[in-house]
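J.: The following comprises the amino acid sequence and a computationally predicted model.
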Amino acid sequence: MRPWVCLFGMLTLANLTFAGEYDFRHADPADWTVKKGSVKELVGGLSAMSMGERDRPHTTLLLQSPAFTLLAGKPLSFALYGGSSAILPKTLSDIPEKSHAKGAMGVGLRRVRDGAYVLTNSRKGNRGAWARAEFSTTALAALIKVNKDEVYTVDFFDYKHGGWGHIALDHVSIPGKEVDPVAPPPSGFGAIQRTFYIGIVHGKMTYSVEDFSVKPGERVKLVLVNNDEMAHNVVVCTPGASHATDVGNLALKLGAKGEAMQWLPKTPLILHATSLIQPGKKGVMYFKAPQKEGAYPYVCSFPGHFLTMRGVMTVSKKEPLAKVAPPKKRVPKMPIVVNARPVVQRVDFRDNRYRKSV
């Protein structure tokens, strides 16, 4: 059977609901990307080694699914064959080029903007049989609650050798919303070193990602996912506390010429910019990060949006730290003691069209 992807759900102006169902055969990873190593077939699944090569030292295998945002209601499940790992990577940068005896094998849910593995799993116990594993519906719901527009990939990694140092992947089911393909980089641009997806926080007129980090000179792919009802862009400015505001004010002064100019004023304050992305669409820009370290503000230059739609790109030689929130400690519930009768006064405001009261 060939690999296949099942699409189901309702198609709207800006939303394709789908669940990716991957049944791998003949070492064909379908539309997954091989980031490290090479893919071979092991008992019908994808692996770094064939049956005759298992447990030997090898080049790390890192395989990534297409990018997606999560949908609630179902687990993200997969089947694993072979060995297990007790210690799993926390970020993409933890994964080496070569296997070692204390390496790791398993599956991670990777947050694209900073490379953090927000969820990881491996096979439970060593055994020459397939076993089902998953990231639970509850765990996915917690991530959706933090940011429903966050972009992820499913990563399959193997950088372990020795006894039971082999693993295979098959039957992957991803509940999510596919991030549409965008234009490829210009000819001669080179390999992408950092990828960021920025959405819009609905109803708040802010970017979903308000800070990210790159190293000097890195080749960057930045995708704006406009899940809002208005047009937006991303404009990266030169360092300066007022430069985002200055660009926004210059865009306002374009007046009747603004639409034809994509609300991008001609100014040396702008380093890079996407085009104006319409509602329900996606746009991409490719650029090389500045060589000079510092804080580079970015902003939406559509009239008035610069007041709230802002962020900062930090250029630093230091490796950007993945932001992994520690688990919250459970706080025992304490009884509520009321020593005095509370007084509630309802006050209605005149001419309040939203009919709110305090």
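T.: Sure thing, it's come through.
J.: In three-state terms, label residue 244 for me.
T.: helix (DSSP: H, G, I helix; E, B strand; the rest coil).
J.: hang on, it packs against residue 310?
T.: Yes. Applying C-beta atoms under 8 Å, one finds residue 244 in contact with residue 310, separated by 5.4 Å. Where you see a C-beta, it was placed from the backbone N, CA and C, and this is true even at glycine.
J.: Residue 143: which element?
T.: Using DSSP states H and E, the element containing residue 143 is helix 137-146.
J.: Following that helix in sequence, what is the next regular element?
T.: Per DSSP H and E, the helix or strand that comes after helix 137-146 is strand 152-158.
J.: wait, what's in contact with residue 295?
T.: 239, 312, 313, 314, 315 (C-beta atoms under 8 Å, 6 or more residues apart in numbering).
J.: tell me which of those is nearest to residue 123?
T.: residue 314 (38.0 Å; C-beta to C-beta).
J.: Excluding chain neighbours, give the residue nearest to that closest one in space.
T.: Spatial nearest neighbour of residue 314, chain neighbours left out: residue 213 (4.5 Å); criterion: C-beta to C-beta, 6 or more residues apart in numbering.
J.: Can you report how many residues neighbour that neighbour?
T.: 19 (other C-beta atoms under 10 Å).
J.: which SS class is it?
T.: Assigned state for residue 213: strand (three-state reduction, three-state DSSP).
J.: Go ahead and confirm it touches residue 313.
T.: Yes. The pair residue 213 and residue 313 passes the contact test of C-beta under 8 Å, sitting 7.5 Å apart.
J.: PyMOL command for the buried members of the contacts of residue 295?
T.: Buried residues within the contacts of residue 295, by 16 or more other C-beta atoms under 10 Å, are selected in PyMOL with:
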select buried, resi 239+312+313+315
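J.: Please flag which of the contacts of residue 295 sit within strands.
T.: Those of these mapping onto strands are 312, 313, 314, 315, per DSSP state E.
J.: Out of the residues you listed, which is nearest to residue 225?
T.: residue 313 (17.2 Å).
J.: ok, now which ones touch that closest one?
T.: 211, 212, 213, 214, 236, 289, 295, 296, 297, 298.
J.: Serialize the residues you listed to a markdown table and add fields for pLDDT and distance to residue 202.
T.: As requested, those are arranged in a markdown table below (pLDDT from 0 to 100; distance: C-beta to C-beta, whole Å):
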| residue | pLDDT | distance to residue 202 |
| --- | --- | --- |
| 211 | 92 | 20 |
| 212 | 91 | 20 |
| 213 | 92 | 26 |
| 214 | 94 | 27 |
| 236 | 98 | 23 |
| 289 | 97 | 29 |
| 295 | 96 | 27 |
| 296 | 98 | 26 |
| 297 | 97 | 23 |
| 298 | 98 | 19 |
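J.: Of those residues, grab the buried ones for ChimeraX.
T.: Burial among the contacts of residue 313 is assessed by 16+ other C-beta under 10 Å; the matching ChimeraX selection reads:
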select :211,212,213,214,236,289,296,297,298
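J.: quick one: the residue nearest to residue 314 from residue 194, how far?
T.: Going from residue 213 to residue 194 by C-beta to C-beta, to the nearest Å gives 9 Å.
J.: Tell me, please, where in this protein the pLDDT is lower than the cut-off.
T.: Residue ranges of the chain with pLDDT under 70: 1-20, 25-26, 180-181, 319-358.
J.: Now do the helices in it.
T.: 137-146, 243-252 (DSSP state H).
J.: Report all helices and strands that the longest strand along the chain contacts.
T.: When the chain is scanned for its longest strand (criterion: DSSP E), the result is strand 167-178. Where contact means 3 or more C-beta pairs under 8 Å, 6 or more residues apart in numbering; DSSP states H and E, strand 167-178 is packed against strand 15-22, strand 45-47, strand 68-70, strand 76-82, strand 105-111, strand 152-158.
J.: Dump those to TSV, plus mean neighbour count.
T.: Below are the helices and strands packed on strand 167-178 laid out as TSV (neighbours: other C-beta atoms under 10 Å):
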stretch	mean neighbour count
strand 15-22	17
strand 45-47	27
strand 68-70	21
strand 76-82	23
strand 105-111	26
strand 152-158	26
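J.: can I get these in TSV with distance to residue 271?
T.: Below are the helices and strands packed on strand 167-178 laid out as TSV (distance: least, C-beta to C-beta, whole Å):
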stretch	distance to residue 271
strand 15-22	32
strand 45-47	40
strand 68-70	28
strand 76-82	37
strand 105-111	25
strand 152-158	28
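J.: coming back round to it: and the helix holding residue 143, what does it pack onto?
T.: By 3+ C-beta pairs under 8 Å, 6+ apart, helix 137-146 packs against strand 68-70, strand 117-121.
J.: Could I get the buried residue list for that helix?
T.: Residues of helix 137-146 classed as buried: 140, 143 (neighbour count, 16+ other C-beta under 10 Å).
J.: Name the surrounding residues that touch that helix.
T.: 70-76, 109, 118-119, 150, 175, 325.
J.: sorry, back to before: show me which of residue 244 and residue 310 is the more surrounded one.
T.: residue 244 (25 against 19).
J.: What distance do you get for that one to residue 311?
T.: Here residue 244 is placed at a distance of 9 Å from residue 311 (C-beta to C-beta).
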